[in-house]
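**Q** mind folding the following:
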Amino acid sequence: MLHISAAALGRAGKNGALMTAAALLALLLPAASPLFAQSPPDTEADLLIANGKIVDGSGGPWRQGNVAIKGDTIVYVGDAPVRAKKIIDAKGQAVSPGFIDMHAHSEFGLSLDGRGLGKITQGVTTEVLGEHLSAGPVLGPAVDDPMMITPPVKRSWTTLGGFFDFLTKKGIGPNVVSYVGAGQVRASVMGYENRTPTAAEMGKMKELIAQAMQEGAFGLSAGLVYVPNSFDTTAQMIELAKVAAGYGGIYSVHMRAGEGNAGLLETIQIAKGAHIPTEIFHVGMTVAHDPNFARIVEQARSEGIDITANAYPYTVGWTYVRQLIPVWAQEGDASAITARLKQPEVRARVVKEMQQKPGQYAAWTVSSANLKFDGHTFKQIADSMHETVEDAMVDFLVTQKAEGFQIGPADPSMDQKEAETFKYPWVDVGSDGIALPAGVHTSFGRPHPRSFGTFTHILADVVRNRHVLTLEEAVRKMTSQPANRLGIKDRGQLREGMKADVVVFNPETVRDTSTYAKPDQYSQGIAWVLVNGMAVVADGKPTNALPGRVLHGPGYKRGSP
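**A** Purely as a prediction, here's the structure:
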């Protein structure tokens with residue numbers, strides 16, 4: 001029931017007449033409907049997206065209207081006519097803010113091809129980079145990870161800021177946000193050794209995190225299952241996260257593996273100890289399998305701990321093959337792992353420990369630069385070698401120098417549970433994928449379909465087929481929710497004054513076409529994608545434009561080294 005105070009009723013003209021209903025609503029609900037609060041611009045717009053179903057990113061119901069753009073900025077959202085140099089008729093189409101991918105590994109992809117075609121054709125306009133590794137710093141004993149970070153170009157930078165400069169000079173289709181990776185920082189100071197850092201080393205790691213925050217990082221990210229980040233203790237992670245918190249950043253994490261919810265409890269401890277907002281990477285399969293996970297997150301949130309998460313809509317993961325061997329055998333870089341596995345006594349111990357989980361790996365599929373292995377299961381590889389699956393996996397790591405990935409077997413029975421993950425209000429969307437063009441066989445083999453279809457899969461399956469989310473709520477999770485989480489104030493909603501990252505799509509036909517067998521296929525039903533007011537997809541086809549920008553975090557200081 002709407003309660004109107006006597007004071008409000010008393011605000012009238014000189015004759016004492018009551019306010020009109022429209023004036024009263026404007027007083028009581030000044031921000032309820034920006035569509036009707038704005039006046040059309042006096043000057044001619046550069047572009048008008050007309051007659052669309054505006055899904056503005058707020059989560060509110062769609063409404064018919066127009067979006068006007070001048071330069072890189074939205075200048076009007078409403079239902080009045082606007083003069084414009086160019087008009088896109090969006091009748092029957094949804095018009096939304098550009099999608100923000102809260103977890104991407106596109107350092108490699110955007111270095112290879114700045115257009116980011118696999119992502120922009122899903123409607124992604126901003127990529128959020130960094131996990132345990134990041135593009136910088138790369139100093140001292142650090143080496144590039146052969147999976148995600150090694151650029152296909154000669155690296156000219158040693159810092160995260162230097163990588164930003166490289167991308168800016170090269171040109172990129174989507175915008176870029178990056179964390180600084182805790183594993184990258186540790187590798188730059190200590191290499192890949194499993195030992196406690198000295199006071200001086202801890203001080204240097206804090207110094208590098210502070211530098212990266214000043215260069216524009218949005219926070220500290222971590223992958224506590226990955227060497228060397230896995231060697232950091234909870235107490236050390238709290239100390240490192242405090243540095244990012246001091247610059248207004250957030251902490252994002254691929255949690256440590258462990259019994260029960262040990263990794264989640266550690267994450268909550270770090271969030272609480274460092275007083276830092278925290279985002280957990282790719283929780284979909286975890287939440288789907290473990291009902292206690294959501295309960296623990298919601299209990300922590302009720303206690304004032306600012307913790308959220310992201311997920312992708314697939315039941316199949318993708319990670320380093322070397323993650324399947326015992327943690328103690330992963331110490332060091334790729335060459336060190338290879339040398340260790342060549343030692344007969346070490347090999348025997350590794351195989352024995354892996355055989356304690358019989359049948360777990362046989363159906364998993366390898367992605368590899370070597371076409372002899374790419375797309376084959378470990379069981380197929382083992383049969384061709386006349387070995388056990390575990391022995392074949394060790395041989396694969398030795399011959400491929402620890403390069404390669406695995407994909408777990410698809411489980412269609414989990415699809416609905418996976419989709420239900422997105423119902424939680426604290427879950428947004430992160431693909432965990434790479435911005436790549438189709439038809440490129442990379443050094444890590446075939447990509448996961450999430451690199452080409454995460455966002456359109458949600459629109460087609462989670463929204464249209466399964467009805468887990470409304471269209472408006474799904475768009476909110478892809479736009480304003482991640483923008484708010486990162487503290488990006490000028491993107492994530494269709495409002496006057498916001499940057500013109502915009503997607504026009506058909507909600508009845510939009511869909512992903514990427515599959516596990518053929519992952520590098522572009523999405524369909526995305527008609528237009530604008531980044532900073534410039535079309536990167538027009539009439540359903542990439543334009544090859546490069547209007548993307550590096551977005552800087554809260555601690556950014558122009559001119560930082």
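**Q** show me where pLDDT drops low in the stretch 101-250 of the chain?
**A** For the stretch 101-250 of the chain, the stretches with pLDDT under 70 are 144-152.
**Q** again, but for the stretch 251-400 of the chain
**A** 358-359.
**Q** need the helices for it, in chain order.
**A** Counting by DSSP state H, counting those that start in this stretch, the stretch 251-400 of the chain has helices at residues 262-274, 284-289, 291-302, 334-341, 344-354, 378-385, 389-399.
**Q** quick one: closest of these to residue 191.
**A** Using C-beta to C-beta as the measure, helix 334-341 is the one of these that comes nearest residue 191, at 9.7 Å. Glycine gets a C-beta too; all of them are placed from N, C-alpha and C.
**Q** quick one: the closest one to chain centroid distance?
**A** Using C-alpha atoms, centre = their mean, to the nearest Å, the mean C-alpha position of helix 334-341 is found 31 Å from that of the whole chain.
**Q** same check on stretch 457-467?
**A** On C-alpha atoms, centre = their mean, the centre of stretch 457-467 falls 19 Å from that of its chain.
**Q** what mean pLDDT does it have?
**A** Average pLDDT, stretch 457-467: 97.
**Q** how long is that stretch end to end?
**A** 13 Å (C-alpha to C-alpha, to the nearest Å).
**Q** show me which residues of it are buried.
**A** 457, 458, 459, 460, 461, 462, 463, 464, 466 (16 or more other C-beta atoms under 10 Å).
**Q** contacting residues for the third one?
**A** When you say that, I think you mean residue 459. With contact set as C-beta atoms under 8 Å, 6 or more residues apart in numbering, residue 459 has these partners: 471, 474, 505, 507, 510, 511, 525.
**Q** ok, for the last one, nearest residue in space, not its chain neighbours?
**A** Nearest residue to residue 525, sequence neighbours excluded (C-beta to C-beta, 6 or more residues apart in numbering): residue 510, at 3.1 Å.
**Q** hmm, that neighbour is touching residue 504, no?
**A** No - between residue 510 and residue 504 there is no contact under C-beta atoms under 8 Å: 10.4 Å.
**Q** what residues do the two have in common as contacts?
**A** residue 526.
**Q** one step back: just the buried residues of stretch 457-467: which are in helices?
**A** residue 457 (DSSP state H).
**Q** okay, the buried residues of stretch 457-467 in a markdown table with distance to residue 248 next?
**A** Shown next, in a markdown table, are the buried residues of stretch 457-467 (distance: C-beta to C-beta, whole Å):
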| residue | distance to residue 248 |
| --- | --- |
| 457 | 33 |
| 458 | 30 |
| 459 | 32 |
| 460 | 37 |
| 461 | 36 |
| 462 | 32 |
| 463 | 33 |
| 464 | 38 |
| 466 | 37 |
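**Q** which one of the buried residues of stretch 457-467 sits closest to residue 47?
**A** residue 459 (23.5 Å).
**Q** please report how far the closest one lies from residue 361.
**A** 33 Å (C-beta to C-beta, to the nearest Å).
**Q** quick revisit: ok, the residue nearest to residue 525 - contacts?
**A** So residue 510 contacts 456, 459, 460, 523, 524, 525, 526 (C-beta under 8 Å, 6+ apart).
**Q** hmm, residue 512 and the third one touching each other?
**A** Yes - proximity of residue 460 to residue 512 meets the contact threshold set by C-beta under 8 Å, at 6.3 Å.
**Q** could you point out the longest strand of the chain?
**A** strand 45-54 (DSSP state E).
**Q** what residues does that one touch?
**A** Taking C-beta under 8 Å, 6+ apart as the rule, strand 45-54 contacts 35, 62-71, 75-77, 82-96, 494, 502, 504, 507, 528, 530, 533.
**Q** list the buried residues of stretch 244-262.
**A** Neighbour-count burial for stretch 244-262, counted by 16+ other C-beta under 10 Å, picks out 244-247, 249-256, 261.
**Q** which one of the contacts of residue 510 sits closest to residue 431?
**A** Using C-beta to C-beta, the contacts of residue 510 come closest to residue 431 at residue 456, 10.8 Å.
**Q** buried sites along whichever strand or helix holds residue 64?
**A** Using DSSP states H and E, the element containing residue 64 is strand 63-70. Using 16+ other C-beta under 10 Å as the burial criterion, the residues of strand 63-70 that qualify are 63, 65, 66, 67, 68, 69, 70.
**Q** which residues are in contact with the third one?
**A** Pointing back at residue 66 there. Residues near residue 66 by C-beta under 8 Å, 6+ apart: 48, 49, 50, 51, 52, 76, 77, 78, 79, 80, 81, 82.
**Q** who does the residue nearest to residue 47 when sequence neighbours are not counted bridge with?
**A** Closest residue in space to residue 47, ignoring its immediate chain neighbours: residue 69 at 4.4 Å, by C-beta to C-beta, 6+ apart. Legend: beta-bridge partners of residue 69 under DSSP bridges are residue 47, residue 74.
**Q** isn't residue 69 up against residue 530?
**A** Yes - if you go by C-beta under 8 Å, residue 69 and residue 530 touch, sitting 7.3 Å apart.
**Q** overlap in contacts, these two.
**A** 47, 500, 502.
**Q** same list (these) but as JSON lines, adding distance to residue 398.
**A** As requested, the shared contacts of residue 69 and residue 530 are arranged in JSON lines below (distance: C-beta to C-beta, whole Å):
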{"residue": "47", "distance to residue 398": "56"}
{"residue": "500", "distance to residue 398": "51"}
{"residue": "502", "distance to residue 398": "49"}
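**Q** which one of these is nearest residue 155?
**A** residue 500 (32.6 Å).
**Q** report how many residues lie close to residue 389.
**A** Residues lying near residue 389 (other C-beta atoms under 10 Å) number 24.
**Q** gap between the closest residue to it other than its chain neighbours and residue 260?
**A** Distances taken as C-beta to C-beta, 6+ apart put residue 382 closest to residue 389, at 4.6 Å, once the chain neighbours are dropped. If you measure residue 382 against residue 260 using C-beta to C-beta, the figure is 32 Å.
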